[in-house]
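Asks: What follows is a predicted protein model with its sequence.
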Amino acid sequence: MDNYITRRKFVICGGLLTAGVAREGDSQMAHIPSLRRAPPLFGPEDIEPFVDPLVIPPVAKAAGRRTIPSQRTQVPFFRIPIAEFYSKIHRDVPPTRFWGYGNSMPGPTLETRTGEDIMVEWPNHLPAKHFLPIDYNLMGAEKGHPESRTVVHVHGARVPPGSDGWPESWYVPGKSVTYHYPNRQEAALLWYHDHAMGINRLNICAGMAGLYVVRDAVEDSLNLPNGDHEVPLVLMDRMIRRDGQIYYPVTDFPGAPWNPEYMGDLVLVNGKLLPYLEVQPRKYRFRVLNASNGRFYFLSLDNGAPFQQIGTDQGLLPMPVAVNRLAMAPGERADIIVDFAEHRGERILLKDITATIMQFRVLQERVPDRSALPQTLRPVPKLAEADAIRTRRLSLEEVDNQRGEPTIHLLDGKRWHEPVTEKPVLGTTEIWEFLNLTEDAHPIHLHLVRFQILDRRAFDVSAYIYENRKVLYLGEAVPPEANEAGWKDTVRTTPRASTRIIVKFEDYTGRYVWHCHILEHEDNEMMRPYEIVAPAEA
């Protein structure tokens, strides 16, 4: 367990340059819990690199057509079972047990188009007993609940509340649900994953994640790299025992196994450890997802070449942004272009700050490349602060025990089951200001909506705590980095700083969720419901 303890650091994100606020890439030790010693684990030094090719997740095929409830329209229907299976993550590692979608990890990619409805059935074929450790003290995970339960959320999708994957709407093996996805949104890389209350961190760690791609005519017209030259990269760190199985660390407190974050020494890319990808000397489009429980990535190429980032969580940026080091919090996506044209015959590594992720093998033979990297991509109209009808100040908090170990994480000091306090009116715009009182970066995700980041700004945490929630700013507000200046659904909130977003609440009324996307935090109360209400109800 020593390796886990020494490497368990929160990476401070956000790009703030004001005095007194940590800069992007800085890190510091968070509270270290008392963790039980781990069994023998594979480390990076035990894995021979670049012996397995990168695997591309299969594309889901429609099983027919179904009628949308309460409508006469028939739409493509998909059936993606949720089951246990074994898969080889590396040539030299025994087969690993996963729980996932469609017998692959990541699950099959759902390909859709803007305005084209689909329906997806998600049958639960899982075993009755979980293979990772459940903490029965957590909200929604109390004894008496079945160990094996799931509900599916498409992260970033604009869907009616009944298809969003409400955390308490889980269902057990032998049951199934069918959800309707209208796809009334611009082209973007979304993803689907488990969202079951109290065991979400365990189910996703077990492998329950997959990609959901929305395309549209605007994206088509840009002539970006496509087909074999558009490659998904799903990043998921793991601890792997010597028998090839996933290890999830627990505390040494009897009956309370929850620990504040899961950080693995090994990084899976599309379900493989240290894979390689043969690429032609031409442009490639990589759709990158951080599907890790709690790990922040800072990605770069070892030859120093920049990424050309063309999109973020909710679609294309206004123009490409050259990025030498790409910061990604859990739940975030990045759409990047890499041009290998001048690197024939080279071996190029994709790296994190502390780890190698994979290798690109550039072939020698020249090939024609008719794809483009346009200088303008898609307009992103700025939401005006003057249009916001209110600003909500919402604190991000951590409660520690006498040993300085986190015991619970809260949003605005409230637990999940307390009354709903955020009730935006349909069609209105609001500013949400997240006041991060902790020493850790928290990626905050709002279901249903897309938003824009306004700024980040250091503030006096002590004044807020001890002077009746007084907000005393310590420097100038810093706008988002250029590669964050698009539509987002997950935002990195900087420690001891304010992070402001502006969001318009559109499409549907009903209950949705906002939460930290560090899954261990989400499972331990850092998740709250919000409700979009009709104007007549306001």
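Replies: Structure received.
Asks: phi, psi of Gly227?
Replies: phi 60, psi -130 (degrees, to the nearest 10).
Asks: and the longest strand seen in the chain, what does it pack onto?
Replies: Counting by DSSP state E, the longest strand found in the chain is strand 388-400. Under the contact definition 3 or more Cβ pairs under 8 Å, 6 or more residues apart in numbering; DSSP states H and E, strand 388-400 sits against strand 406-411, strand 429-436. The way it works is simple: take the backbone N, C-alpha and C, and place the C-beta from them, glycine included.
Asks: Just the angle for the first one relative to strand 388-400, thanks.
Replies: It stands for strand 406-411. With axes from the mean of the first three to the mean of the last three Cα atoms, to 10 degrees applied, the angle from strand 406-411 to strand 388-400 works out at 170 degrees.
Asks: where do the strands sit along the stretch 101-250 of the chain?
Replies: Here the stretch 101-250 of the chain has its strands, by DSSP state E, counting those that start in this stretch, at 107-113, 118-123, 152-155, 176-181, 188-194, 209-215, 230-240, 246-247.
Asks: For Glu332, give its distance to Arg344.
Replies: The gap separating Glu332 from Arg344 is 32 Å, by Cβ to Cβ, to the nearest Å.
Asks: okay, the two: which has more neighbours?
Replies: More crowded of Glu332 and Arg344, by other Cβ atoms under 10 Å: Glu332, with 26 against 13.
Asks: Quick one, grab the pLDDT at the closest residue to Ser292 other than its chain neighbours.
Replies: In this structure, Ser292 finds its nearest non-sequential neighbour in Asp237, 4.9 Å apart by Cβ to Cβ, 6 or more residues apart in numbering. For Asp237, the model assigns a pLDDT of 98.
Asks: Quick one, grab the pLDDT at Val367.
Replies: With respect to pLDDT, Val367 scores 97.
Asks: so what's it up against?
Replies: By Cβ atoms under 8 Å, 6 or more residues apart in numbering, the residues touching Val367 are Gln280, Pro281, Arg282.
Asks: distance of the second one from Asn226?
Replies: To tie it back to what came earlier, the one meant is Pro281. 17 Å.
Asks: Quick check on those two: which one has the bigger neighbour count.
Replies: Pro281 (19 against 13).
Asks: OK, contacts around the more buried one?
Replies: Going by Cβ under 8 Å, 6+ apart, Pro281 touches Phe340, Ala341, Glu342, His343, Arg344, Val362, Leu363, Gln364, Glu365, Arg366, Val367.
Asks: what about the residue nearest to Asp352 when sequence neighbours are not counted, how many neighbours?
Replies: Nearest residue to Asp352 in three dimensions, chain neighbours excluded: Tyr297, at 5.3 Å (Cβ to Cβ, 6+ apart). Other residues near Tyr297 come to 26 when the count uses other Cβ under 10 Å.
Asks: my read: Tyr297 touches Val234, true?
Replies: No. Using Cβ atoms under 8 Å, Tyr297 makes no contact with Val234, being 11.8 Å away.
Asks: List the contacts of the residue nearest to Ser292.
Replies: Applying Cβ under 8 Å, 6+ apart, we find Asp237 in contact with Tyr262, Met263, Gly264, Asp265, Leu266, Val267, Leu268, Ser292, Asn293, Arg295.
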